[in-house]
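just the structure for this:
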Amino acid sequence: MSQAPSSGKHSSGKPSSANPRTVREVVFVDGVRTPFGRAGEKGIYAGTRADDLVVKCIRELMRRNPSLPAERIDEVAIAATTQTGDQGLTIGRTAALLAGLPLTVPGFAIDRMCAGAMTAVTTTASGIGFGAYDVVIAGGVEHMGNHPMGADADPNPRFMSERIVDPAALNMGNTAENLHDRFPAVTRDRTDAYAVASQDKLAAAYANGQIQPDLVPVATMKPGRGWTVNTVDEPPRPGTSVEDLAMLKTPFRAHGRVTAGNAAGLNDGATAALLASAEAAEELGLAVKMRLVSYAFAGVEPEVMGIGPVPATEKALKNAGLGIGDIGLFEINEAFAVQVLSFLDHFGIADDDPRVNRYGGAIAVGHPLASSGVRLMNQLARQFEEDPSVRFGMTTMCIGLGMGATVIWENPHHAEYGRAVDTEAVDTDAIQADTTTKTGAAA
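Residues are numbered from 1 along each chain as shown. Next comes the predicted model:
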């Protein structure tokens, strides 16, 4: 276990300067998730508790990494957007207890809406880098059947009376329609075509056995039906066509462009990841799937929250000394197709670029809000293993109330893994100036 700073005293009792700190490397060891379900009475997790889904993930992480003593886990951070009922009571701590981890392992809950699990990862990773932790579990859960989005929320009336935000900001579908208004080049035809591609890519990934290795089987009980062991995602609709999607209604605006087919659905599911310092991973014999390079969060106008990944990505790239061209794989959360396409357009990336969401995305697989960040990481880690030619990859997502999050990772299978990046080869100032100009024009 890494040691905390000294008390600032020598044995003589005289004060001394604090011990200097060196930021430690943080690695992604493993990640798992439950199959995602459709929210509602007919969904696979109707009648199942949210915290039990998290427990399944934690236990599976421990089973898959037998060289890790449970007492070496320093923290459990679990995110949920609606922190009440079976998603309340400091779910990081309660899930740790329910999973059978030692009583000495602490835990906490975290909320950053859709980026909850991603924030759980970056927050605990910062603790590892600082030396407070060696090994952590970070993840998220959302049971939208038990806790519909916005249920029991009580927005402060000043939001409206003082016009702090546009009323549309409190409805994610409306914010997606606003994004279409802002970027007219992102048409409904494009979003429907993108959504079909997401379904097709996920179906291909399932056929190739690329999704199943990180899924935790979940047994559920339904009255009159008995027990069922759920081993695959429920939301996908393989075989969906552009013609099918063209027939769907636009629920957020008459003659709008956002439909149930080109947006993520309402889903239930949980994720969990195992992170460690590079030293601890080596000591404990834990395999490394990715190295954390940089991360960033950014705020944007709440009424166009889907553009949030753009400034977050600019910040993360600048922090890493990289350019967008250095990113060989993108895992972009598909809350709405328009949100992904506006990101791709901003950076000059084609709709069908093979670096983007190789296994499909949330439009097909589902988006249980606070859990999705680790799903992105699981898929990126799997793609890193399959493609050693890629050195850097990115996980990014938009966040309700006008935010974005981006995490950049390095592939340990790449020949130059761990070597210093030649920042002189990347004109980060020019990149920043160019992207800032674009963002400002969009705003």
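
excluding chain neighbours, what is closest to Asp326?
Phe392 (5.3 Å; Cβ to Cβ, 6 or more residues apart in numbering). (Each C-beta comes from the backbone N, C-alpha and C, glycine too.)

quick one: contacts for that neighbour?
Val293, Ala320, Leu322, Asp326, Ile327, Gly328, Leu329, Ile408, Trp409, Glu410, Asn411 (Cβ atoms under 8 Å, 6 or more residues apart in numbering).

name the nearest of the residues you listed relative to Pro106.
Proximity of the contacts of Phe392 to Pro106 (Cβ to Cβ) peaks at Trp409, which lies at 26.3 Å.

give the contact list for the closest one.
Shown in contact with Trp409 (Cβ under 8 Å, 6+ apart): 28, 290-293, 377, 380-381, 384, 392-395.

secondary structure and pLDDT added to these, as CSV?
Listed next are the contacts of Trp409 as CSV, based on DSSP: H, G, I helix; E, B strand; the rest coil; pLDDT from 0 to 100:
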residue, secondary structure, pLDDT
Phe28, strand, 98
Met290, strand, 98
Arg291, strand, 98
Leu292, strand, 98
Val293, strand, 98
Met377, helix, 98
Leu380, helix, 98
Ala381, helix, 98
Phe384, helix, 98
Phe392, strand, 98
Gly393, strand, 98
Met394, strand, 98
Thr395, strand, 98
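
and the residues you listed, which are buried?
28, 290-293, 377, 380-381, 384, 392-395 (16 or more other Cβ atoms under 10 Å).

which one among these gets closest to Cys114?
Distance to Cys114, by Cβ to Cβ, is smallest for Thr395 among the buried ones among the contacts of Trp409, at 12.4 Å.

which helix or which strand is home to the closest residue to that closest one other than its chain neighbours?
Closest residue in space to Thr395, ignoring its immediate chain neighbours: Leu376 at 4.0 Å, by Cβ to Cβ, 6+ apart. If you go by DSSP states H and E, Leu376 is part of helix 372-386.

buried ones in that helix, by neighbour count?
Result for helix 372-386 [16+ other Cβ under 10 Å]: buried residues 372-384.

just stretch 344-351 next, same as before
Buried, per 16+ other Cβ under 10 Å, within stretch 344-351: Leu344, Asp345, His346, Phe347, Ile349, Asp351.

just checking, the fourth one touches Ile324?
By that I understand Phe347. Yes - when contacts are counted by Cβ atoms under 8 Å, Phe347 is listed as touching Ile324 (4.9 Å).

output the strand or helix carrying Leu245 in PDB with nothing but the alpha carbons.
Taking DSSP H and E as the criterion, Leu245 maps to helix 242-246. Output of helix 242-246 as PDB, limited to C-alpha atoms (Å, rounded to 0.1, in the frame of the first residue of the first chain):
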ATOM      1  CA  VAL A 242     -33.600   3.200 -42.700                       C
ATOM      2  CA  GLU A 243     -37.200   2.700 -44.000                       C
ATOM      3  CA  ASP A 244     -38.300   1.400 -40.600                       C
ATOM      4  CA  LEU A 245     -36.900   4.400 -38.800                       C
ATOM      5  CA  ALA A 246     -38.400   6.900 -41.300                       C
END
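
buried stuff in it?
Quick answer for helix 242-246 (16+ other Cβ under 10 Å): Leu245.

show me how far that helix is from its chain's centre.
28 Å (Cα atoms, centre = their mean, to the nearest Å).

and for stretch 270-280?
14 Å.

cool, stretch 251-271 as well?
Counting by Cα atoms, centre = their mean, stretch 251-271 is centred 18 Å from the centre of its parent chain.

also stretch 82-102?
That offset, for stretch 82-102, works out to 20 Å (Cα atoms, centre = their mean).

please identify the buried residues of that stretch?
82-83, 85-87, 91-96, 98-99, 101.

nearest to Pro184, of the residues you listed?
Looking across these and measuring by Cβ to Cβ, the closest to Pro184 is Thr82, at 34.4 Å.

next, the closest one: secondary structure please.
coil (DSSP: H, G, I helix; E, B strand; the rest coil).

could you check the pLDDT of it?
Looking at Thr82, its pLDDT reads 94.

same question for Pro5.
39.

just to revisit the earlier point, any chance of the buried residues of stretch 344-351 in CSV, plus secondary structure?
Formatted as CSV, the buried residues of stretch 344-351 follow (three-state DSSP):
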residue, secondary structure
Leu344, helix
Asp345, helix
His346, helix
Phe347, coil
Ile349, coil
Asp351, coil
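
circling back: and which of the contacts of Trp409 is nearest Ser161?
Thr395 (37.5 Å).

the closest one and Glu410, how far apart?
Distance, Thr395 to Glu410, using Cβ to Cβ, to the nearest Å: 13 Å.

do you know the pLDDT at Gly418?
We have a pLDDT of 87 for Gly418.

just give me the neighbour total for it.
10 (other Cβ atoms under 10 Å).

hmm, it is touching Arg391, no?
No - applying Cβ under 8 Å, one finds Gly418 not in contact with Arg391, separated by 10.4 Å.
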